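> Need a 3D model of the following:
(2 chains, ligands or ions: 1)
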Amino acid sequence: MSILVIAEHDNSSLKQATQSVVAAAKAIGGDVDVLVAGENCGGVAEAAAKVDGVNKVLVADNAAYGHFLAENLSELVAEAGKGYSHILAAAGTTGKDFMPRVAALLDVAQISDIIRVESEDTFVRPIYAGNAIATVKSSDSVKVITVRPTAFDAVPAEGGSAAVEALDTVKDAGLSSFVGEEKAESDRPDLASAGIVISGGRGMQNGDNFKMLEEVADVLGAAVGASRAAVDAGFVPNDMQVGQTGKIVAPQLYIAVGISGAIQHLAGMSDSKVIVAINKDEEAPIFQVADYGLVADLFEAVPQLKEELQK
Amino acid sequence: MKVLVAVKRVIDYNVKVRVKPDNTGVDLANVKMAMNPFCEIAVEEAVRLKEKGVATEIVVVSIGPKAAQEQIRTALALGADRGIHIETEEEVQSLEAAKLLKSVVEKEEPKLVILGKQSIDSDNNQTGQMLAALTGMGQGTFASEVVVDGEKVNVTREVDGGLMTVSLNLPAVVTTDLRLNEPRYASLPNIMKAKKKPLEAISPADLGVEIAPRLSTLKVEAPAARQAGIKVADVAELVDKLKNEAKVI
Ligand SMILES: Cc1cc2nc3c(=O)[nH]c(=O)nc-3n(C[C@H](O)[C@H](O)[C@H](O)COP(=O)(O)OP(=O)(O)OC[C@H]3O[C@@H](n4cnc5c(N)ncnc54)[C@H](O)[C@@H]3O)c2cc1C
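Numbers count the residues shown, from 1 in each chain, chains lettered A, B, ... in the order given. Modelled structure (predicted):
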């Protein structure tokens, strides 16, 4: 068996999710190679070569892959993936975009968002917003899999010394082009991998009030997240949505502020180690999953929390 | 231009899902079913394109049991013109769904195909991308804005880092995210009118597609339940617990 992991990165740094995918690959067993596809991504390839347990790094460095367009990436991966028994990528928006396309090009099924490896062909994944956990077995010769990074402990970033090999096949499908992007700039940790997350919901009332959460986040070194209702209402940008159809987080500490605890929200955070809920409604379903619940008006409790933490 | 919209019949998102005691799946007997919420957004987007004069005809297609015709009728009531029902009682996985839709695309030749980004039952997030690959089209997944411009479509996508806009050649596939639009409700007169709109029923065999699932579900279990914890009296107690009991700060 040999496994090809597609690196998650932004052309300048390797995302920690990649190390979690390598961990999933190691749970399957066999040699683990990593493909870094991007533009001016040599530094990422070097970082990938140092990841513990990586056998070989393939680099496809070309403008065609600079913005991770699925049409181009999928053709590259379908070709570079020949001979591998498994092709794995993180279940982020990039992996979710190009991996099903890879699977279709190879005429195989994709197994989405796995949280456990049972054997080389059997995997565990949540369905119905995490209300059910399915064990699925694949009969395909090549397994195309996206991995939920929070479900696998990242392998160390250092310790490996893999050879780096350049791939010079250029796949430009000519179907799509990059127009622009609006990146959410923040000095806070990445939501998906932060150790502490504080999220706000509809109870925050507006975007300005999220500053209260940001101040607490800065004391704790936390990332700030949100419920769908807060994003839909325009309080905060879409990349902050935690849940079934947003980001999946599993920090050491998750603090839900003014969030009711709808099943779609819980699907994105219920694997957190410790959950705190601050809500003025003592019947709110979020309290059913919270380790520590505080029934209080958030406009009083959140400033107090900041003060208490600074003591 | 013609727009094809694919919709799926799924458990209503408000229903509390229960795993069957024999662990073969979830209990769907007598539960409320509905159109997948992301598919509603797909229908709404097509209808808005028609209202803007960009789309000329909206064809809605659904794969599933007889009862899936209800969801097709709903789409017709919302403004789709014509329905195609690919009827099967079998479980259809994403790759097969994409192959079935590909045959419909070949027959109908739409300029734009709009699907939901994921269905809230299997949570796979695959079919649109697979369809795009099989038909050789570009894809604008997780769309929060769709602007048709001549022979191209610009799609703004909700991605992990924020928003990203791509330009795709038409024909193209778009999959919807939550912020694309807010679906309308069907009015009573439109529900009545929808009953008279054409709805063609065909089988996977008619399309030359064999249903042969690659994945078999060995078991379905309920997730490990989280125990509810304690209520703290005030912020001071909360911080004390986090520091000294949970030791997470
Ligand atoms: C297809 C689909 C996908 C979805 N995906 C997601 C997803 O990925 N993520 C997600 O989060 N949701 C998702 N949802 C939406 C989900 O069903 C809920 O509607 C949403 O999570 C509710 O957000 P909320 O808890 O912020 O708002 P509400 O449910 O309105 O709760 C607000 C809470 O704030 C409390 N509150 C108000 N004022 C105060 C105050 N002053 N002090 C303290 N507490 C206060 C209230 O008591 C209440 O409990 C999805 C829904 C659908 C249909």
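> residue ranges of the helices in the chain, please?
No chain in the question, so chain A it is. Assigned helices in chain A, in chain order: A:16-28, A:42-50, A:70-80, A:93-105, A:210-220, A:228-232, A:263-266, A:298-310 (criterion: DSSP state H).
> sorry, should have said chain B
According to DSSP H, the helices that chain B contains are B:37-51, B:69-78, B:94-108, B:127-135, B:188-194, B:235-244.
> Just say which of those helices is most tucked in.
helix B:127-135 (a mean of 28; mean count of other CB atoms under 10 Å in any protein chain shown). Quick note: C-beta positions are derived from backbone N, CA and C, even for glycine.
> Run the angle between it and helix A:70-80 for me.
With axes from the mean of the first three to the mean of the last three CA atoms, to 10 degrees as the basis, helix B:127-135 and helix A:70-80 are set at 70 degrees to each other.
> Tell me which of the helices of chain A lies nearest to residue B:122.
Nearest to residue B:122, of all those, is helix A:93-105, at 12.6 Å by CB to CB.
> Report all helices and strands that the closest one contacts.
Judged by 3 or more CB pairs under 8 Å, 6 or more residues apart in numbering or on different chains; DSSP states H and E, the packing partners of helix A:93-105 are helix A:70-80, strand A:86-90, strand A:110-114, strand A:143-147, helix B:94-108, helix B:127-135, strand B:138-149, strand B:152-159.
> May I see those arranged in a markdown table, with mean pLDDT as well?
What follows is the helices and strands packed on helix A:93-105, written out as a markdown table (pLDDT from 0 to 100):
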| stretch | mean pLDDT |
| --- | --- |
| helix A:70-80 | 98 |
| strand A:86-90 | 98 |
| strand A:110-114 | 98 |
| strand A:143-147 | 98 |
| helix B:94-108 | 98 |
| helix B:127-135 | 98 |
| strand B:138-149 | 98 |
| strand B:152-159 | 98 |
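> sorry, back to before: now the helices of chain B in CSV, with distance to residue A:251?
Compiled in CSV, the helices of chain B are given as follows (distance: least, CB to CB, whole Å):
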stretch, distance to residue A:251
helix B:37-51, 27
helix B:69-78, 38
helix B:94-108, 31
helix B:127-135, 29
helix B:188-194, 46
helix B:235-244, 13
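> So what's the residue count around residue B:89?
8 (other CB atoms under 10 Å in any protein chain shown).
> wait, what's in contact with it?
residue B:65 (CB atoms under 8 Å, 6 or more residues apart in numbering or on different chains).
> out of everything not next to it in sequence, what's closest to residue B:123?
residue A:127 (5.5 Å; CB to CB, 6 or more residues apart in numbering or on different chains).
> bridging residues for the one you found?
residue A:132 (DSSP bridges).
> In contact with it, which residues?
Residue A:127 sits in contact with A:133, A:134, B:26, B:121, B:122, B:123, B:220, where contact means CB under 8 Å, 6+ apart.
> Residue B:164: what's its closest spatial neighbour, skipping adjacent residues?
Going by CB to CB, 6+ apart, residue B:164 has residue A:181 as its nearest residue, at 4.4 Å.
> my guess is that neighbour contacts residue B:165, does it?
Yes - in this structure residue A:181 lies within contact range of residue B:165 using CB atoms under 8 Å: 6.9 Å.
> Which one's more surrounded, these two?
Set residue A:181 next to residue B:165 and count neighbours by other CB under 10 Å: residue B:165 wins out with 18 against 15.
> number of nearby residues for residue B:246?
16.
> Oops, could you answer that again for residue A:83 instead?
8.
> Check the one 5 residues further on too.
When counting by other CB under 10 Å, one arrives at 27 neighbours for residue A:88.
> That one bridge partners, please.
residue A:5, residue A:145.
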